[in-house]
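Engineer: This is the structure alone, sequence omitted:
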Ligand code: C5P
């Protein structure tokens, strides 16, 4: 049978940690797995509500506040403690809220999840994620830094919203793929040409395509069957000729058989005005219904920092804006996709 913690994690619709000590917050934020609470939370994909209670100084300590921020960024619902008499005899912030308050917060989280869980039911959504690698020879490639995290967050959010989800993953770490809901179907690809073939095949009967993958615009004209060797008698460097890759998004966006909803991504640098102009141009050129415009650089767009995404419609107008963790942005986008598809039906 399954280990007990995995069973608990699997059957839970909601996990409430109450009271949560400063120690528990730190352990949850770090992803510990050496006691029942942290282990169960780590192993579950149920929503988590945390009600901290501790001495004011511990609550206000920068370490605790950083842990709370981390947890909130990951979508954990942390209820603020209230002020009043504390266990220590002091008074201040750090009291556990009334049980009714905790119950109300928990029910709210559950009903939001329940409402979201039908948004895309009956729909098939294809998401491309990661970054392509264009082979130079059997051991070398031209690649990019895309991890695939945003795409996988969108795939997970779409699956939670009831969609049947297919991910086309280009060079995404196995551990990230393993964290997807189990019914998400994954096709792994390497190069842009492989991604094109898989995406066209998977999209034929889909309701929506979301292209988050970073696809190489160019590939080496020919890839060598054998590893390129340096010639010790010759100082000349080899020349690698590049040729254009097909633009998968534009090809599908403009095709007859296109799914009813096509979403592209654009990571841009520059002033607000510049990136909005690039985004509008891209939406039109690629035949996408929406372009998710992602401002990158200066602490946004990469790593563990909030994303700031504007959704541009086909005519370049800002249809929505999402700021937050990759999961929050994904949930916002999925909500928008659902109402777009619902409006088409009528
Ligand atoms: O033109 P740019 O690369 O900025 O456009 C980004 C969008 O186009 C992304 O959605 C990406 O997945 C898609 N794309 C593509 N095929 C390419 C290049 C980009 O589908 N060859």
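Structural biologist: Sure, I can see it. All values reported here derive from a predicted model rather than from experimental measurement.
Engineer: can we go C-alpha only for contacts and neighbour counts from here?
Structural biologist: Noted.
Engineer: residue nearest the centroid of the chain?
Structural biologist: Central residue check for the chain by Cα atoms, centre = their mean: the C-alpha nearest the mean position is that of residue 153, 2.4 Å away.
Engineer: wait, is that one part of a strand?
Structural biologist: No: according to DSSP: H, G, I helix; E, B strand; the rest coil, residue 153 belongs to no strand; its state is helix.
Engineer: Check which helix or strand the most far-flung residue of the chain relative to its centre maps to.
Structural biologist: The centre of the chain is farthest from one residue, residue 233, which by Cα atoms, centre = their mean lies 49.7 Å away. Using DSSP states H and E, residue 233 sits within no helix or strand.
Engineer: what's the pLDDT at it?
Structural biologist: Predicted confidence (pLDDT) for residue 233: 89.
Engineer: thinking again about what came up before, contacting residues around the residue nearest to the centre of the chain?
Structural biologist: For residue 153, the contacting residues are 326-327, 330, by Cα atoms under 8 Å, 6 or more residues apart in numbering.
Engineer: Near residue 37, how many other residues are there?
Structural biologist: Around residue 37 there are 18 other residues, counting by other Cα atoms under 10 Å.
Engineer: which SS class is it?
Structural biologist: Residue 37 is classified as helix under three-state DSSP.
Engineer: Which strand residues bridge the closest residue to it other than its chain neighbours?
Structural biologist: Taking Cα to Cα, 6 or more residues apart in numbering as the measure, residue 37 lies nearest to residue 17, with 7.9 Å between them; neighbours along the chain are not counted. Taking DSSP bridges, one finds residue 50 as the beta-bridge partners of residue 17.
Engineer: gap between stretch 151-166 and the chain center?
Structural biologist: Distance of stretch 151-166 from its chain centroid, counting by Cα atoms, centre = their mean, to the nearest Å, is 9 Å.
Engineer: doesn't residue 80 fall inside a helix?
Structural biologist: No: the assignment for residue 80 is coil, going by three-state DSSP, so no helix is present there.
Engineer: per-residue pLDDT, it?
Structural biologist: Reading off the per-residue confidence, residue 80 sits at a pLDDT of 96.
Engineer: Most neighbours among the contacts of residue 153, which one is it?
Structural biologist: Neighbours here mean other Cα under 10 Å. Within the contacts of residue 153, the largest count is held by residue 326, at 26 neighbours.
Engineer: From residue 234, how far out is that residue?
Structural biologist: The spacing between residue 326 and residue 234, counted by Cα to Cα, to the nearest Å, is 49 Å.
Engineer: With residue 8 instead?
Structural biologist: Residue 8 sits 65 Å away from residue 234, taking Cα to Cα as the criterion.
Engineer: The two: which is more packed in?
Structural biologist: More crowded of residue 8 and residue 234, by other Cα under 10 Å: residue 8, with 18 against 7.
Engineer: shouldn't that one be in contact with residue 40?
Structural biologist: Yes: contact status for residue 8 versus residue 40: in contact at 6.7 Å, counting by Cα atoms under 8 Å.
Engineer: ok but residue 168 is inside a helix, no?
Structural biologist: No: if the criterion is three-state DSSP, then residue 168 is strand and not within a helix.
Engineer: Look up which residues are beta-bridged to it.
Structural biologist: Going by DSSP bridges, residue 168 forms beta bridges with residue 128, residue 187.
Engineer: For it, list the residues it contacts.
Structural biologist: Shown here is residue 168, whose contacts under the criterion Cα under 8 Å, 6+ apart are 126-129, 186-189, 195, 198-199.
Engineer: Nearest to the ligand among the residues you listed?
Structural biologist: Sorting those by how near they are to the ligand, with Cα to the nearest ligand atom, puts residue 128 at the top with 7.2 Å.
Engineer: wait, what's in contact with that closest one?
Structural biologist: Under the criterion of Cα under 8 Å, 6+ apart, the contact partners of residue 128 comprise 151, 167-170, 199, 210-213.
Engineer: Quick one: name the residues of the chain near the ligand.
Structural biologist: Taking Cα under 6 Å from any ligand atom as the measure of proximity, the chain contacts the ligand at 211-217, 245-249, 264-266.
Engineer: before we move on, the earlier item: count of neighbours near the residue nearest to residue 37?
Structural biologist: Burial of residue 17, expressed as a neighbour count using other Cα under 10 Å, amounts to 17.
Engineer: next one: residue 176
Structural biologist: Number of residues near residue 176 (other Cα under 10 Å) recorded here: 13.
Engineer: Over to residue 25?
Structural biologist: Around residue 25 sit 25 other residues, with neighbours defined as other Cα under 10 Å.
Engineer: just how off-centre is stretch 338-346 within its chain?
Structural biologist: Mean-position distance between stretch 338-346 and its chain equals 23 Å (Cα atoms, centre = their mean).
Engineer: which residues are contacting that stretch?
Structural biologist: For stretch 338-346, contacts defined as Cα under 8 Å, 6+ apart pick out 119-120, 260-261.
Engineer: biggest separation within the residues you listed, which pair?
Structural biologist: Using Cα to Cα, these span at most 16.2 Å, a distance reached by 119 and 260.
Engineer: So what does residue 313 look like in phi/psi?
Structural biologist: Here the main-chain torsion angles of residue 313 (degrees, to the nearest 10) amount to phi -80, psi -180.
Engineer: which residue sits closest to it in space, ignoring its chain neighbours?
Structural biologist: Leaving aside its sequence neighbours, residue 313 sits nearest to residue 290 (Cα to Cα, 6+ apart; 4.6 Å).
Engineer: Neighbour-wise, give me the winner out of the residues of the chain next to the ligand.
Structural biologist: With neighbours set by other Cα under 10 Å, the maximum within the residues of the chain next to the ligand is found at residue 215, which has 28 neighbours.
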